[in-house]
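>>> sequence and predicted structure, then a few things I'm wondering about:
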Protein chains: 2
Amino acid sequence: METATAAQRRVTRPRADALRNRERIVTAAREMFVQQGSEAPLDEIARRAGVGNATVYRHFADRGELVHHVVLYVTDRVTELAARAIEAADAESGSPFEALRGFVHAAVDERIGALCPILSEAVDPYHPDLRAARIRLEDAVEGLMARARAAGQLRTDIAVGDLMVALSQLTRPLPGAGCLVDFDQFVHRHLQLFLDGLTAPARSELPGHAATLEELRRDHDERGQRRARRSEEGLGQK
Amino acid sequence: METATAAQRRVTRPRADALRNRERIVTAAREMFVQQGSEAPLDEIARRAGVGNATVYRHFADRGELVHHVVLYVTDRVTELAARAIEAADAESGSPFEALRGFVHAAVDERIGALCPILSEAVDPYHPDLRAARIRLEDAVEGLMARARAAGQLRTDIAVGDLMVALSQLTRPLPGAGCLVDFDQFVHRHLQLFLDGLTAPARSELPGHAATLEELRRDHDERGQRRARRSEEGLGQK
DNA sequence: GGTTAAACGGGGAGCCGATCCCCGCTTATT
DNA sequence: AATAAGCGGGGATCGGCTCCCCGTTTAACC
């Protein structure tokens, strides 16, 4: 009667409070990473999560593993937001660009800025889980932008990368912790201004070229390969 | 014959290479502060400046003094840029908004992002030199914006603080050093988009309220006073 | 060109703070 | 109530940043 379920649960059953703590740690880390980058002290993350530092190390072997899970968590949640925005855009009365606006503001509240480590070397971009999650996110956002573009509401000389990077930029708090109490309000103001700059027709000509995520990834891969090569050499001569 | 000049020079005469090194240190620190914040390792700054670490400590008693001078240096240079832009705006054939555009892009190249410490606690906002320099900068930028606004080219629901903070935000490189080789190009793209969002007529309604620098300063003062009170108490009970 | 002293560079001691482990206690589960 | 998984705080360890010391270089002035 209970054998199968019990056995299953025996394997994958963390205690309820363990799950709660794990989630708390991830969300606390998300805030810290946005504010201080992925080098934020783990003890401080533990403090913010309201748990002992040992609990952090019990759940995540090292910093890299924590960063990994935070990125995964945020990516998934933002992807979900993008999917919802697409639904809104496809609705009868929906305006694709307004859906895009809504997505952007919501993504900020989900701390999309915590994804910066993806672009740095703090995380392994080749990990299958991360890669898959990232592609899902790109596809969703691209879909949203495509709808706005097709509706003639989004300028045509920008790509997913432009939006994502600018979002990350505008979202990050200024160094020096809580320098402004209502910083969030500021962020949303600036996002709104930025979005106004994205609407069609374009009001100016852009320098550089549209940044697709292909390119960001290419930079990635090159760096990843360099790193792989380096560590190989390291092993070789050792 | 030489007494006066020699005596004068005796007092204010650093060696030529000392001056050169000092300048090198300041500009290297400027880069580092933009990239890593004002906590960047001084040894690394020395390395980038191409001098020994002792030279840094010889010129600047501590980190705070270095930060102070960097902020002053950048503020002055950006103020100069704003003044030039105003000249351009006032010229016969000048377009105030185009002058503003030019100023923004130039300010980025002058590493205006290095001014972030002003908004954090890394620097004493009450220092007369800094305060004066900041006010000069505000006035210049305000003058530039006023011209663009008067020409009907700049939306009326934004203020100096909006521009300055957003500029600092968009300018800062993503954490993880040289993640993108042509990051500068990216920055200028995003600035251009942001500027397009600033042009009149406004395409959307902004949340929050126009951020004048009054407000930023007010936040400042409150924090500064809190800090002063704290240290006073500290002295008192000691 | 020689002399002088300011300025420089590298090496190393001291120190602060982050990481991670250990052990007695708490608490969810049954 | 029994049991063991999970927790929290304290402390050893270690790495990196800061700052000083001293032999050497180099600009400044005769």
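Okay, I see it.
>>> check which helix or strand covers A:Arg58.
Taking DSSP states H and E as the definition, A:Arg58 sits inside helix A:53-59.
>>> which positions within that helix qualify as buried?
A:55-56, A:59 (16 or more other Cβ atoms under 10 Å in any protein chain shown). All C-beta atoms are positioned from the backbone trio N, CA, C, and that covers glycine.
>>> columns distance to A:Gly208 and pLDDT on top of the residues you listed, output as a markdown table?
Listed next are these as a markdown table, based on distance: Cβ to Cβ, whole Å; pLDDT from 0 to 100:
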| residue | distance to A:Gly208 | pLDDT |
| --- | --- | --- |
| A:Thr55 | 45 | 93 |
| A:Val56 | 41 | 93 |
| A:His59 | 42 | 93 |
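>>> show me the domain layout of chain A.
For chain A, automatic domain parsing gives the domain ranges A:1-60, A:66-212.
>>> weakest of these by average pLDDT?
Sorting the domains of chain A by mean pLDDT places domain A:1-60 lowest, at a mean of 81.
>>> from the chain's centre, how far out does it sit?
19 Å (Cα atoms, centre = their mean, to the nearest Å).
>>> anything in it near chain B?
Yes. For domain A:1-60, a contact with chain B is found by Cβ under 8 Å from any Cβ of the partner chain, at A:37-39.
>>> remind me, longest helix of chain A?
In chain A, assigned by DSSP state H, the helix with the most residues is helix A:63-90.
>>> wait, does that one contact DNA strand C?
Yes. Judged by Cβ under 7 Å from any atom of the strand, helix A:63-90 and DNA strand C are in contact via A:Arg63.
>>> SS state for the most centrally placed residue in chain A?
Nearest to the mean C-alpha position of chain A, counting by Cα atoms, centre = their mean, stands A:Leu115 at 3.4 Å. Under DSSP: H, G, I helix; E, B strand; the rest coil, the three-state class of A:Leu115 is helix.
>>> picking up where we left off before, which among the residues of domain A:1-60 next to chain B count as buried?
Here, 16+ other Cβ under 10 Å leaves A:37-38 buried among the residues of domain A:1-60 next to chain B.
>>> what packs against the host helix or strand of A:Leu144?
With secondary structure defined by DSSP H and E, A:Leu144 is part of helix A:128-150. Here helix A:128-150 touches helix A:63-90, helix A:96-109, helix A:160-171, going by 3 or more Cβ pairs under 8 Å, 6 or more residues apart in numbering or on different chains; DSSP states H and E.
>>> quick one, the shortest one and helix A:63-90 angle?
With axes from the mean of the first three to the mean of the last three Cα atoms, to 10 degrees defining the directions, helix A:160-171 sits at 110 degrees from helix A:63-90.
>>> name the helices or strands packed onto helix A:160-171?
The contact analysis (3+ Cβ pairs under 8 Å, 6+ apart) places helix A:160-171 against helix A:96-109, helix A:116-119, helix A:128-150, helix A:183-198, helix A:213-237, helix B:160-171, helix B:183-198.
>>> JSON lines please, covering the ones you listed and showing distance to DNA strand C.
Putting the helices and strands packed on helix A:160-171 into JSON lines (distance: least, Cβ to the nearest atom of the strand, whole Å) gives the following:
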{"stretch": "helix A:96-109", "distance to DNA strand C": "26"}
{"stretch": "helix A:116-119", "distance to DNA strand C": "14"}
{"stretch": "helix A:128-150", "distance to DNA strand C": "20"}
{"stretch": "helix A:183-198", "distance to DNA strand C": "22"}
{"stretch": "helix A:213-237", "distance to DNA strand C": "18"}
{"stretch": "helix B:160-171", "distance to DNA strand C": "24"}
{"stretch": "helix B:183-198", "distance to DNA strand C": "26"}
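>>> for chain A, what lies in contact range of DNA strand D?
Counting by Cβ under 7 Å from any atom of the strand, chain A comes close to DNA strand D at A:14-15, A:17-18, A:21, A:50-55, A:58-59.
>>> one more time with 10 Å
Proximity of chain A to DNA strand D (Cβ under 10 Å from any atom of the strand) is limited to residues A:10, A:13-22, A:24-25, A:43, A:46-47, A:49-59.
>>> among these, name the buried ones.
Buried members of the residues of chain A next to DNA strand D, scored by 16+ other Cβ under 10 Å, are A:21-22, A:24-25, A:46, A:49, A:51, A:55-56, A:59.
>>> can you narrow the residues you listed down to the ones near DNA strand C?
Subset of these in contact with DNA strand C: A:46, A:55-56, counting by Cβ under 10 Å from any atom of the strand.
>>> looking at those residues, spot the one nearest DNA strand D.
Closest approach to DNA strand D among those (Cβ to the nearest atom of the strand): A:Thr55, at 3.8 Å.
>>> the closest one contacts A:Arg20, correct?
No. Applying Cβ atoms under 8 Å as the test, A:Thr55 and A:Arg20 come out as separate, 10.9 Å apart.
>>> list the contacts of A:Val108.
A:167, A:170-171, A:184, A:187-188, A:191 (Cβ atoms under 8 Å, 6 or more residues apart in numbering or on different chains).
>>> with A:Tyr73 instead?
Residues in contact with A:Tyr73 (Cβ under 8 Å, 6+ apart) are A:26-27, A:30.
>>> hmm, 7 Å instead?
Going by Cβ atoms under 7 Å, 6 or more residues apart in numbering or on different chains, A:Tyr73 touches A:26, A:30.
>>> could you do A:Gln169 as well?
Contacts here follow Cβ under 7 Å, 6+ apart; on that basis A:Gln169 touches B:169-170, B:172, B:190.
>>> by neighbours, which of those wins?
The residue in the contacts of A:Gln169 with the most neighbours, by other Cβ atoms under 10 Å in any protein chain shown, is B:His190 (26 neighbours).
>>> what is the neighbour count of the residue nearest to that residue when sequence neighbours are not counted?
Using Cβ to Cβ, 6 or more residues apart in numbering or on different chains and skipping residues adjacent in sequence, the residue nearest B:His190 is A:Ala166, 4.7 Å away. If you count neighbours by other Cβ under 10 Å, A:Ala166 ends up with 28.
>>> for A:Ala166, give its distance to B:Arg111.
19 Å (Cβ to Cβ, to the nearest Å).
>>> check A:Val34 too.
For A:Val34, the distance to B:Arg111 equals 23 Å [Cβ to Cβ].
>>> spatially, which two of the contacts of A:Gln169 are the most separated?
Maximum pairwise distance in the contacts of A:Gln169, criterion Cβ to Cβ, is 11.5 Å, between B:Arg172 and B:His190.
>>> identify the residues contacting stretch A:124-140?
Under Cβ under 7 Å, 6+ apart, the answer for stretch A:124-140 is A:68, A:71-72, A:75-76, A:78-79, A:82-83, A:86, A:118, A:123, A:160, A:213, A:220, A:224.
>>> since that was my last question, I'll sign off now.
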